[in-house]
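# Here's my sequence, what's the structure:
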Amino acid sequence: MTKTVVGGGPKKVLYTLNTVRRIGLTKTAKALNAKNACKACGLGMGGQMGGMTNEIGEFPSVCNKSVQAQSTDIQPAIPDEIFSHPVAELDELSGRELDHLGRLASPVFKSADSNKFQPVSWNFAMSHMAKRFAETDPDRSFFYSSGRSSNEAGFLFQLLARAYGTNNVTNCSYYCHQATSVAMEATIGTGTSTVELDDLKKSDLVFVIGANPSSNHPRFIHLLKSVRDRGGQVIIINPAKEPGLVKFAVPKSPRSMLKGGDEIASLYLQPRIGMDVALFKGIAKAVLEENGADQQFIDQYGEDAEEFFADIASITWQEIEDSCGIPKDRIGQAARYYCEAKSAVFAWGMGMTHHVNGVENIEYISNLALLRGMIGRPGAGLLPLRGHSNVQGIGTIGVKPVLAKEVIAEIEKELGVRFPTKKGLDTLATMEQAAANNVDAALIMGGNLFAATPDSKTAAKSLTNIGFKAFLTTTLNKGHLAGANSGETLILPVTARDEEWEPTTQESMFNFVRLSDGGIKRHDNVRPEVAILSELGKRLLPDSPIDFAAYSNHNTIREAIAATIPGMEELKDIHIAKQEFHVQNRIMHEPVFHTPTGKAKFVVRSMPASNAEMEGMSFTLATIRSEGQFNSIVYEEKDSYRQTDTRWCVLMNQLDIDRLHLNGEIKITMRSESGEMQGLTVYPFDVPAGNILAYYPEANVLTSRTHDPRSKTPSFKSVPVELFKET
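Next comes the predicted model:
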């Protein structure tokens, strides 16, 4: 009999303890207890209430992801001998091996006629970077930031880019939750969470859709357990039957640990990959058949509901079942739970956004919430589960290709500058332009743009074609090496969040802005991102009306943000008052919708078609993260929840394994229109027949640049593939 896998539990506690022993108890305690926001997921903890306290004062709020993230920061410097090796040899290391080389502690540079990096002085690094950007037409450049930088660094980053002359300013959200922002802006007039953390304490039903918080947001599991403890329900919608979402032993709960875990999912629905709209239409149909719609709310606050109702009525149950693969009675059970709930929260992850119809998926989640009036009151609403700790803040302060006209006007007025008017490129578009030899220089702040980009063959070509690449980072990753053999590459070492020379701020997925003290010193020759950007601004744009020297001071930057970014007015004095806050006009505890008509909009979209069937392929692949992984950073090669020993594998339904005779030690090749992976190990896993899973970013060689037309988010989660048995 197969042993049941339980999420969390003693193994996670032991893993955390072993990580603490490796990096040292004193160093770990100092990092975790300092008043700095956690650098892992957007759920957030830390700040002025203490390093292991969340925004409603709960302690201890910590998880293995927090410890993993801190473990890389606390590493000693990369030995100088490492850089005696050619780029090609360094590129043979895995992402995990590169991350564990240590901290980058000095600037390193690879010239166009060399095959090695060499340490260089800060003066050389800054003067050469300014020279190369000065030689570049701004239209042939781009500026990309991850979601771990501070609000202060992000604001200066986009300000520098636009003062330089380009709106090609983008961030990692275009590869994750941009579909969320587009859909929510269209339906309810806001692009972020409508609930705060405390609302989850008041809800009696939480939908978790296309997400695996047991691995990616472990502290969220505690909130789901609390819902069940109060007698509420948790409905999981995910093609993959994730063990940690079925049962989880919460480490901070002795009772949960002693009894071997708690049931998390009240109901677990597994639609076929990419067929979520069909399921959502089915839930809506069942709610209407149960007379569960809040007609008074719809009449007063909604629009286009009649078209939505007519579309739902026109679809047969047979069509719904055939499309999503879930029988009517199971869909009906979800609808009954929903109809019985007084306050429901809809939470979702990239399993919803990583499709060619990602925006439509989120629009239908909004439809379901509006159907029963679950937006615009306490305890109920929409919650996109953000990955990076400040990805929402980076977007708030303007690291994106298009700024609102009123924001542009305020910044230009406040700073006496004129911004370029040419439309900027989103993240995928910048890489496609680079592949077409239309980019000469790029400034990349944090993250791993190569690993984050689909179609890794073309992504490597894109980076290879860029004549000058400058990276700001704490550790090395594959993105710094992809394409490094061609042109010039400069890598600059930056302070981690808790090492910042001045306090910084970050925004959680609940629109809550935290203040991080910084102040820990680990390495002598690393600099804050703001210090680097302000110095670059001084050298690159000496005649700019912007005083970049003054913008080396974080207080000055916060004053500018407060004066120009709506909802961030309280940021101005946060370093004095130490008062953290919610961004204004985002949490929706009243049904006030910021749409053109002032009403929430129901939308109607067609039933989705199977990508694999359209492409004539046998299977639909979804790329996934492992339990020992955060975004593209791999901490463990094994996945204890899914029982895999290697990341070079494919997870399949046992019926498909039997049908194709893939049991035993057989290796397979997986092929798409973009590329192939050879020598893959097959593991059985609970997914619908015809659907398979493989790990990101390794499986990016199979993903294509096919994307949602409105959000430009690539389709990482619905890739048509074929499988071949190797001989």
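# Next one: Gly47 from Ala37, what distance?
Distance, Gly47 to Ala37, by C-beta to C-beta, to the nearest Å: 5 Å. Placement of C-beta: from N, CA and C, glycine included.
# So for these two, which residue has more residues nearby?
Set Gly47 next to Ala37 and count neighbours by other C-beta atoms under 10 Å: Ala37 wins out with 30 against 25.
# residues in contact with that one?
Contact partners of Ala37, counting by C-beta atoms under 8 Å, 6 or more residues apart in numbering, are Gly44, Met45, Gly46, Gly47, Ser389, Asn390, Arg497, Gln506, Ser508, Arg514, Ser516.
# just to revisit the earlier point, so for Gly47 and Ala37, which residues contact both of them?
Counting by C-beta under 8 Å, 6+ apart, the residues touching both Gly47 and Ala37 are Gln506, Arg514, Ser516.
# Among the contacts of Ala37, which are located in strands?
Members of the contacts of Ala37 lying in strands (criterion: DSSP state E): Gln506, Arg514, Ser516.
# Below-threshold pLDDT in the protein: ranges please.
Residue ranges of the chain with pLDDT under 70: 1-3, 7-31, 252, 258, 610-616.
# tell me the centre residue of it?
Central residue of the chain (C-alpha atoms, centre = their mean): Gly387, 3.5 Å from the mean position.
# Would you mind giving the secondary structure of it?
coil (DSSP: H, G, I helix; E, B strand; the rest coil).
# Checking my notes, Ala694 in a helix, right?
No. Using three-state DSSP, the assignment for Ala694 is strand, not a helix.
# need the contact list for it.
By C-beta under 8 Å, 6+ apart, the residues touching Ala694 are Leu621, Thr623, Ile624, Cys649, Val650, Leu651, Met670, Met677, Leu680, Leu702.
# which non-adjacent residue is nearest the first one?
What sits nearest to Leu621 in space, not counting adjacent residues and going by C-beta to C-beta, 6 or more residues apart in numbering, is Val719, at 4.2 Å.
# Same question for the last one.
In this structure, Leu702 finds its nearest non-sequential neighbour in Ser672, 4.2 Å apart by C-beta to C-beta, 6+ apart.
# what about the one you found, how many residues close to it?
If you count neighbours by other C-beta under 10 Å, Ser672 ends up with 21.
# Repeat that for Gln584.
Using other C-beta under 10 Å: Gln584 sits among 12 other residues.
# do the same with Ser544
Neighbourhood size, Ser544 [other C-beta under 10 Å]: 17.
# Contact partners for it?
Neighbouring residues of Ser544 by C-beta under 8 Å, 6+ apart: Ala163, Val417, Gly537.
# For Lys225, see how far away it is.
53 Å.
# So which of the shared contacts of Gly47 and Ala37 wins on neighbours?
Sorting the shared contacts of Gly47 and Ala37 by how many neighbours each has (other C-beta under 10 Å) puts Gln506 first, at 33 neighbours.
# isn't it right up against Asn151?
Yes. Between Gln506 and Asn151 there is a contact under C-beta atoms under 8 Å: 6.7 Å.
# what touches both of those two?
Each of Asn390, Gly393, Val513 lies in contact with both Gln506 and Asn151 under the rule C-beta under 8 Å, 6+ apart.
# Check those against Ser343 and report the nearest one.
Val513 (25.3 Å; C-beta to C-beta).
# would you turn the shared contacts of Gln506 and Asn151 into JSON lines with distance to Pro107?
Shown next, in JSON lines, are these (distance: C-beta to C-beta, whole Å):
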{"residue": "Asn390", "distance to Pro107": "24"}
{"residue": "Gly393", "distance to Pro107": "27"}
{"residue": "Val513", "distance to Pro107": "31"}
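# hang on, the earlier thing: Produce a ChimeraX select command limited to the buried residues of the contacts of Ser544.
To isolate the buried ones among these in ChimeraX, judged by 16 or more other C-beta atoms under 10 Å, type:
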select :163,537
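# Counting only helices, which of the contacts of Ser544 make the cut?
With helices taken from DSSP state H, the overlap with the contacts of Ser544 comprises Ala163, Gly537.
# what's stretch 395-411 in contact with?
Contact with stretch 395-411 is made by 145, 151, 154-155, 157-159, 167-171, 173, 181, 417, 419, 423-426, 507, 560-561, 563-568, 583, as judged by C-beta under 8 Å, 6+ apart.
# Recalculate using a threshold of 6 Å.
Residues outside stretch 395-411 that contact it (C-beta atoms under 6 Å, 6 or more residues apart in numbering) are 145, 151, 154-155, 158, 167, 169-171, 173, 419, 424-426, 507, 561, 564-565.
# go on, stretch 117-134?
With contact meaning C-beta under 6 Å, 6+ apart, stretch 117-134 is reached by 83, 106-110, 441, 468, 470, 490, 535-536, 539-540.
# hmm, back to that, any idea how far the residue nearest to Leu702 is from Gln678?
In terms of C-beta to C-beta, Ser672 sits 13 Å off from Gln678.
# With Asn291 instead?
Distance from Asn291 to Gln678, counting by C-beta to C-beta: 55 Å.
# Same drill for the two, tell me which one is more crowded.
Taking other C-beta under 10 Å, Asn291 and Gln678 do not tie; Gln678 has more neighbours (12 against 8).
# Might you report the residue contacts of that one?
If you count contacts by C-beta under 6 Å, 6+ apart, Gln678 has them with Thr669.
# Of all the residues in whatever helix or strand it lives in, which ones are buried?
According to DSSP states H and E, Gln678 maps onto strand 676-684. For strand 676-684, a neighbour-count test (16+ other C-beta under 10 Å) marks Met677, Leu680, Thr681, Val682, Tyr683, Pro684 as buried.
# my read: Ala484 touches Ala88, true?
No. Contact criterion C-beta atoms under 6 Å: Ala484 and Ala88 do not qualify, at 9.2 Å.
# which residues does Ala284 contact?
So, once contact is read as C-beta under 6 Å, 6+ apart, Ala284 ends up touching Ile312, Leu371.
# do the same with Glu360
The contact partners of Glu360, taken as C-beta under 6 Å, 6+ apart, are Val277, Arg605.
# what's downstream of whichever strand or helix holds it, the next helix or strand?
Using DSSP H and E, Glu360 falls within helix 358-371. Toward the C-terminal end, the helix or strand that comes next after helix 358-371 (DSSP H and E) is strand 381-384.
# related to what we said a few turns ago, quickly name whichever of the ones in strands among the contacts of Ala37 is closest to Glu196.
Among those, and counting by C-beta to C-beta, the member closest to Glu196 is Arg514, at 13.5 Å.
# phi, psi of the closest residue to that closest one other than its chain neighbours?
Spatial nearest neighbour of Arg514, excluding adjacent residues (C-beta to C-beta, 6+ apart): Gly47 at 3.2 Å. Main-chain dihedrals, Gly47, degrees, to the nearest 10: phi 100, psi -150.
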